[in-house]
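> Fold the following and give me the result.
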Amino acid sequence: MKVGVFWRKFRNVELQLKLSGENIYDDAYEEAYQHFSAIKEAGFDAVMIEWKKDNPQETLRKVLEEKVDLVFNASSLEEVAFLEAFGIPFAGSGLDLVATDKATRKKIVAYHKLPTPRFIVVEDPNEIPDHDLKYPLFVKPVRGRGSAGISEENIIERHEDLARVVSKITDKIGQPALVEEFIRGREITVGIIGYKNPRVLPPVEIEYNSTRTNTFEHKMFDNEIIHCPARLSPEEEEKVKSTALSIYKVLNAKDFSRIDMILGDDGIPYFLEINTFAGLTMSKDGTHHGYMGYMAKTAGMTRADFIGSIVRSALERYRICHKL
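Now for the predicted structure:
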């Protein structure tokens, strides 16, 4: 049994690079190497494989040459499409979820009567659709990740500021902007692992450090104040966990994902996004500390337990046998 651990340059910062144009530390290899080490510690053979977007044939050649049984750490739409096209088993969600944007995911969640902020999608800052959303609003890329493009100015208090912030997303990042009602409350994120019988990990509460939202710099440089487990009453914890699990299931997430929410001042956990490529690192060691890593630690899991359980979930889903 061999697991191929994909890694690709600028995995976590590629969108922010479009916006800032500055040199940003790229921890993609170090992150993947931590996964590689954890998989080895869990008793599996493993090999590092670079995903080459401009030369997928080379990636395929390497996968076949190494006789890889399962791929771990696929982290882009292109990688998932590649793996599904060639029938290569992999850990994580499939195209049915990965190919959908944040707006589509919110529509699915709302259809199932699960709470999410009302929203519109804006493709052109000069043609903002008529809407009855209540200010303040929050603006973000419809396919963003890692808080790319997020700063305090993304919280919109006045209509006259909306077009300017939308243009930051549409013109510089090159994506439509998701504009949703800004929910006042606490940011909670919930990690879930597994597929047939998914396990909900202890929720994380993200407290901001001298900022109003989780900006790119705030998140990627670990400036948040992390509370794990989150500071929730038993009733709040049950509501947050059950809502997250319902969302995980209706979106057909596989093996692992992280559900981002705002626990509103009204006591309702509002769905913001599901992260199918959630960070899994459990210590810095040159990388950003993953939120799911905090959750795994609180659950008493070693990195071998944690990453190994994700690998085993995928193996079970594909009915691939493995004997330690």
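> quick one, helices of the stretch 151-300 of the chain?
Taking DSSP state H, counting those that start in this stretch as the criterion, the stretch 151-300 of the chain carries its helices at 162-167, 216-220, 234-250, 291-298.
> Buried deepest among those helices, which one?
helix 291-298 (a mean of 23; mean count of other CB atoms under 10 Å). Any C-beta I mention is one placed from the backbone N, CA and C, and that applies to glycine too.
> check contacts around residue 126.
Contact partners of residue 126, counting by CB atoms under 8 Å, 6 or more residues apart in numbering, are residue 163.
> next one: residue 59
For residue 59, counting by CB under 8 Å, 6+ apart, the contacting residues are 49-52, 82.
> Worst mean pLDDT among the helices of the stretch 151-300 of the chain?
Mean pLDDT values for the helices of the stretch 151-300 of the chain show the minimum at helix 216-220, a mean of 50.
> quick one: buried residues of stretch 70-78?
For stretch 70-78, the neighbour count (16 or more other CB atoms under 10 Å) marks 70-76 as buried.
> Which member of those is positioned nearest residue 166?
Checking the buried residues of stretch 70-78 against residue 166 by CB to CB gives residue 76 as the nearest, at 24.6 Å.
> Can you tell me the closest non-neighbouring residue to that closest one?
Spatial nearest neighbour of residue 76, excluding adjacent residues (CB to CB, 6 or more residues apart in numbering): residue 8 at 7.1 Å.
> shouldn't the one you found be in contact with residue 49?
No - using CB atoms under 8 Å, residue 8 is not in contact with residue 49; the gap is 9.9 Å.
> show me the contacts for the residue positioned nearest the centre of the chain.
In the chain, the residue lying closest to the centroid (CA atoms, centre = their mean) is residue 275, at 2.3 Å. Applying CB under 8 Å, 6+ apart, we find residue 275 in contact with 145, 257-260.
> quick one: low-confidence parts of the stretch 101-250 of the chain?
Counting by pLDDT under 70, the low-confidence segments of the stretch 101-250 of the chain come to 144-149, 210-223.
> hmm, try it at 90
By pLDDT under 90, the low-scoring segments of the stretch 101-250 of the chain are 141, 143-154, 168-169, 171-175, 207-225.
> Would you state the strands of it in chain order?
The residue ranges that make up the strands of the stretch 101-250 of the chain, judged by DSSP state E, counting those that start in this stretch, are 119-122, 137-141, 155-156, 177-181, 185-194, 199-200, 204-207, 225-227.
> possible to save those as CSV with mean neighbour count and distance to residue 38?
Compiled in CSV, these are given as follows (neighbours: other CB atoms under 10 Å; distance: least, CB to CB, whole Å):
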stretch, mean neighbour count, distance to residue 38
strand 119-122, 19, 37
strand 137-141, 23, 30
strand 155-156, 19, 37
strand 177-181, 23, 33
strand 185-194, 24, 13
strand 199-200, 16, 17
strand 204-207, 20, 20
strand 225-227, 13, 20
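> got these as TSV, with distance to residue 56 columns?
Putting the strands of the stretch 101-250 of the chain into TSV (distance: least, CB to CB, whole Å) gives the following:
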stretch	distance to residue 56
strand 119-122	30
strand 137-141	25
strand 155-156	39
strand 177-181	29
strand 185-194	28
strand 199-200	33
strand 204-207	35
strand 225-227	37
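> Let me know which of those is the nearest to residue 4.
Ranking the strands of the stretch 101-250 of the chain by proximity to residue 4 (CB to CB) places strand 185-194 first, at 19.9 Å.
> helices or strands up against that closest one?
Under the contact definition 3 or more CB pairs under 8 Å, 6 or more residues apart in numbering; DSSP states H and E, strand 185-194 sits against strand 199-200, strand 204-207, helix 234-250, strand 255-264, helix 291-298, helix 303-318.
> Looking at these, spot the one closest to residue 132.
Ranking the helices and strands packed on strand 185-194 by their distance to residue 132 (criterion: CB to CB) puts strand 255-264 first, at 19.0 Å.
> For that closest one, what is the distance to the chain centroid?
Relative to its chain's centre, strand 255-264 lies at 9 Å (CA atoms, centre = their mean, to the nearest Å).
> that older thread, quick one: closest of the helices of the stretch 151-300 of the chain to residue 188.
Checking those against residue 188 by CB to CB gives helix 234-250 as the closest, at 5.7 Å.
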